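Predicted model follows, preceded by the sequence.
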Amino acid sequence: MQPVQGLPFGIKLISSNFTLYLNRRRKMKTAVLFFCFCLIASSQVFGEDLPEIKITYEDPVALAARPFRKEDCGLGVQQQNGLGVCRARIPVYKWSNEDKKCVQVFYGGCHATKNNFREEEECVKIAKPVCSN
């Protein structure tokens, strides 16, 4: 084994050990690259099989046009979406099946349901006849 000559700062390395070190690093880089390639390739192949998740909201125009129904009594004030956050805190009223009356809650500001009233009188007038039966 011959020491490597001419290295800065008087560092002496044995060439065979240095070669082994470089070979290990190359193998490690190759293994990491292969792993990354497999990971990316598998996500591309299997990603096509996943069902597309579509979140549908009741059309605001259709929602406004239809009457308040019995199914609306148990709804919250906004449709659940899972995408993004509606961060407003607007005080509104909704019919509560648990309390059997209109209660004040906070509305996030988007994707409203029919069980969302600006005033308590409006909630009592519209929801109470439908929901209290």
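The structure has been received and is ready for your questions.

give the contact list for residue 120.
Neighbouring residues of residue 120 by CB atoms under 8 Å, 6 or more residues apart in numbering: 93, 102, 104. (C-beta placed from N, C-alpha, C; glycine too.)

From residue 72, how far out is residue 93?
Computed as CB to CB, to the nearest Å, the residue 93 to residue 72 distance reads 13 Å.

try residue 130
Using CB to CB, residue 130 is found at 8 Å from residue 72.

ok, the two, which is more surrounded?
Using other CB atoms under 10 Å, the more surrounded residue of residue 130 and residue 72 is residue 72, with 20 against 16.

give the contact list for that one.
Residues in contact with residue 72 (CB under 8 Å, 6+ apart) are 95, 113-115, 127, 130.

Quick one, grab the pLDDT at residue 121.
Among the per-residue scores, residue 121 shows a pLDDT of 97.

neighbours around it, how many?
11.

What of residue 108?
Residue 108 has 17 neighbours, counted by other CB under 10 Å.

likewise residue 100?
A total of 12 residues lie near residue 100 under the criterion other CB under 10 Å.

Look up how far residue 113 lies from the nearest residue to it once chain neighbours are set aside.
Among residues not flanking residue 100 along the chain, residue 132 sits closest, at 6.4 Å (CB to CB, 6 or more residues apart in numbering). Computed as CB to CB, the residue 132 to residue 113 distance reads 18 Å.

which one of those two has more residues nearby?
The neighbour comparison of residue 132 against residue 113 (other CB under 10 Å) goes to residue 113, with 17 against 12.

Tell me where this structure is predicted with low confidence.
Applying pLDDT under 70 to the chain flags the ranges 1-22, 31-57, 81-84.
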